[in-house]
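Student: sharing a model that was predicted from the sequence below.
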Amino acid sequence: MAKITLDNLAHSYLAKPTSEDDFALKELNHDWVDGEAYALLGASGCGKSTLLNIISGLLHPSQGRILFNDRDVTHAPTAERNIAQVFQFPVVYDTMSVHDNLAFPLRNRGADPTYVAGRVNQIAKMIGMEAELNHKARGLTADAKQKISLGRGMVREDVNALLFDEPLTVIDPHMKWELRTQLKSLHHEFGHTMIYVTHDQTEALTFADKVVVMYDGRVVQIGTPQELFERPAHTFVGYFIGSPGMNLFDAEIDGAAARIAGVTVPLGAGYAPAKGKLQVGVRPEFIKLSGAADGVPARVKRVEDVGRHKIVRLDVEGREISAIVGEGSAISDGTQNITFDPDGINVYADDWRIAPEGEAA
Ligand code: ADP
Ligand code: MG
């Protein structure tokens, strides 16, 4: 197992990049702590696979270094890095049996046959394929083949890190949950450094201790699910995580108050003067609809009943805002005043969160 360090790393697929836009991966410095389970979360095209392939050595970065336990492996081939990687689509040997596919990474390293037999059985159980061990991989469904790929990724206990690149895309929803649970228990058992790429927030938040959120080739926040929910470092994190995502209001900020749609709103904390596009972010969970005269006027557009609660869609100065209210609440049509729970307010300047005065760094 290893600590993995990204030092000044950046990557462009172009031979002669001229501007930042030419980089699929913008400059990045980060330590992946030995033994932690990370989710790498972001929309399609934001650079997740690029980063993973650089860590595994399938891709050489155009700038910077990668260190495993402080040893420079930037130019080391994949095989030397001792990493298991599972891709979005199955990579299996069609002519081999399920058993031999699973045994391959162990035999390849000269493992003892008794150990191989035991370990293959253990993994087959984890992926729910004990009954098919003697079948040839050819002819199995894509779903089954992907389970073999996952099993092959998990079979070696001596790897530096396990990398998963959207591995459950072709797996049916029930099995997804099951396999994710198995991956978690594997992590508890062996304590491998794991990086799990996904574009699905639920998958990321349920799998990982730490979520690394990427946006447009950049890591915008690394945090626990709770940190991402309560203190999104970038408006993208607020919008991407949560259902619905965080609301944004254009605002003027003056100390401990904001001016939104002509109304003064208390922020619950003071802010130093800031430059740029200023916005107040409030998650739907922290917005209240009230008759209070001091709220921000909002016009009710529609109410969606989603079971445990209702989502109210409102219009504030032409922008759609969402509020979550209790199942029992009656929502009248027309214009309401909305108020914010000060604990749920974050302030942004040019999309980056600014800390209120007195906040611990
Ligand atoms: P993700 O895995 O988050 O969907 P990728 O890392 O695959 O994102 O892609 C990041 C960006 O790099 C995208 O704009 C993509 O089009 C581009 N890209 C990916 N692979 C290549 C490649 N082999 N050649 C050129 N551009 C690529
Ligand atoms: Mg990808």
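Tutor: Good, I have the coordinates. Numbers count the residues shown, from 1 in each chain. Ligands and ions are numbered 1, 2, ... in the order given.
Student: and this protein, what are its domain boundaries?
Tutor: Per automatic domain parsing, the structural domains of the chain span 4-240, 247-354.
Student: ligand 1 is nearest to which of those?
Tutor: domain 4-240 (3.2 Å; C-beta to the nearest ligand atom). (Glycine included, C-beta is placed from N, CA and C.)
Student: and that closest one, is it in reach of ligand 1?
Tutor: Yes. Using C-beta under 6 Å from any ligand atom, domain 4-240 reaches ligand 1 at 13, 24, 42, 44-50.
Student: mean neighbour count, the domains of the chain: which tops it?
Tutor: Sort these by mean neighbour count, taking mean count of other C-beta atoms under 10 Å, and domain 4-240 sits at the top with a mean of 18.
Student: what segments of the stretch 151-300 of the chain are helices?
Tutor: 173-190, 201-207, 225-230, 235-240 (DSSP state H, counting those that start in this stretch).
Student: again, but for the stretch 1-150 of the chain
Tutor: 48-56, 78-81, 98-108, 113-126, 142-154.
Student: now the ones you listed in CSV, please, with extra columns for mean pLDDT.
Tutor: Shown next, in CSV, are the helices of the stretch 1-150 of the chain (pLDDT from 0 to 100):
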stretch, mean pLDDT
helix 48-56, 97
helix 78-81, 90
helix 98-108, 96
helix 113-126, 95
helix 142-154, 92
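Student: just put those helices in a markdown table and tack on distance to E252.
Tutor: A markdown table is the format used below for the helices of the stretch 1-150 of the chain (distance: least, C-beta to C-beta, whole Å):
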| stretch | distance to E252 |
| --- | --- |
| helix 48-56 | 37 |
| helix 78-81 | 51 |
| helix 98-108 | 59 |
| helix 113-126 | 56 |
| helix 142-154 | 52 |
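Student: out of the ones you listed, the one nearest S185 is which?
Tutor: Between S185 and the helices of the stretch 1-150 of the chain, the shortest gap by C-beta to C-beta is with helix 113-126, which sits at 8.1 Å.
Student: other SSEs contacting that closest one?
Tutor: helix 98-108, helix 142-154 (3 or more C-beta pairs under 8 Å, 6 or more residues apart in numbering; DSSP states H and E).
Student: any chance of these in JSON lines, with distance to F249 too?
Tutor: JSON lines is the format used below for the helices and strands packed on helix 113-126 (distance: least, C-beta to C-beta, whole Å):
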{"stretch": "helix 98-108", "distance to F249": "53"}
{"stretch": "helix 142-154", "distance to F249": "43"}
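Student: I'd say T5 and D31 touch.
Tutor: Yes. The pair T5 / D31 is scored as a contact, 5.2 Å apart, by C-beta atoms under 8 Å.
Student: before we move on, the earlier item: between which two of the residues of domain 4-240 next to ligand 1 is the distance greatest?
Tutor: Y13 and G42 (17.4 Å).
Student: ok so, going back, and the domains of the chain as TSV, adding distance to A360?
Tutor: Conversion of the domains of the chain to TSV gives the following (distance: least, C-beta to C-beta, whole Å):
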stretch	distance to A360
domain 4-240	11
domain 247-354	12
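Student: list the contacts of M194.
Tutor: For M194, the contact set (C-beta atoms under 8 Å, 6 or more residues apart in numbering) comprises 36-38, 161-164, 183, 187.
Student: in this protein, which helix or strand is least confident?
Tutor: When the helices and strands of the chain are scored by mean pLDDT, DSSP states H and E, helix 173-190 comes last with a mean of 84.
Student: that helix versus helix 113-126: what angle between them?
Tutor: 140 degrees (axes from the mean of the first three to the mean of the last three C-alpha atoms, to 10 degrees).
Student: pull the CA atoms of helix 173-190 into CSV?
Tutor: Output in CSV follows, covering the C-alpha atoms of helix 173-190 (Å, rounded to 0.1, in the frame of the first residue of the first chain):
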residue,chain,number,x,y,z
PRO,A,173,-29.1,-1.3,-10.0
HIS,A,174,-29.6,-4.0,-7.3
MET,A,175,-26.2,-5.6,-7.9
LYS,A,176,-24.6,-2.2,-7.9
TRP,A,177,-25.5,-1.7,-4.3
GLU,A,178,-24.3,-5.2,-3.4
LEU,A,179,-21.0,-4.7,-5.2
ARG,A,180,-20.4,-1.3,-3.7
THR,A,181,-20.9,-2.8,-0.3
GLN,A,182,-18.4,-5.6,-1.1
LEU,A,183,-15.9,-3.0,-2.1
LYS,A,184,-16.3,-1.2,1.1
SER,A,185,-15.9,-4.3,3.2
LEU,A,186,-12.8,-5.1,1.1
HIS,A,187,-11.5,-1.7,2.1
HIS,A,188,-12.2,-2.3,5.8
GLU,A,189,-10.5,-5.7,5.6
PHE,A,190,-7.3,-4.8,3.7
